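Engineer: Need a 3D model of the sequence below.
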Amino acid sequence: MKAIWNDQILAESNDTIVIENNHYFPAESIHKAFFKPSETHTTCPWKGEASYYTIAVDGKENKDAAWYYPEVSDLAKGIKGRVAFWKGVSIVG
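Structural biologist: Below you'll find the model as predicted:
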């Protein structure tokens, strides 16, 4: 699977986990040069508190377009250390 935005591959892995229709990529599969930490946080009742990245490619930014859970609940152990995407990021495989 590949995560693509602005014609750039942000992440690529054959080991994604799908939860709630979102592909969670292993953190080591992301191309870190395109990811900037964000101050945004949200809370999922069963996964925990999410942190976000803003994606930056060729001078364009996609605010909070990727998220991850630094600490996960016992119910969501499978996505610890993984990153998911939204806001126009295409997941293709």
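
Engineer: Next, the contact list for the residue nearest to K60 when sequence neighbours are not counted, please.
Structural biologist: Computed as CB to CB, 6 or more residues apart in numbering, the closest residue to K60 that is not its neighbour in sequence is N6, at 5.6 Å. C-beta: built from backbone N, CA, C; applies to glycine. For N6, the contact set (CB atoms under 8 Å, 6 or more residues apart in numbering) comprises I55, V57, D58, K60, N62.

Engineer: Distance of the closest residue to R82 other than its chain neighbours relative to I30?
Structural biologist: In space, and not counting its chain neighbours, R82 is closest to Y24: 3.7 Å by CB to CB, 6+ apart. Going from Y24 to I30 by CB to CB, to the nearest Å gives 11 Å.

Engineer: Next, show the common contact partners of these two.
Structural biologist: Residues touching both Y24 and I30 (CB under 8 Å, 6+ apart): V83.

Engineer: ok so, going back, on the pLDDT front, check the residue nearest to R82 for me.
Structural biologist: For Y24, the pLDDT comes out at 98.

Engineer: what comes into contact with the helix or strand harbouring it?
Structural biologist: Element membership for Y24, per DSSP states H and E: strand 22-26. Residues from elsewhere that reach strand 22-26 (CB under 8 Å, 6+ apart): 1, 3, 11-13, 15-18, 78-79, 81-86, 91.
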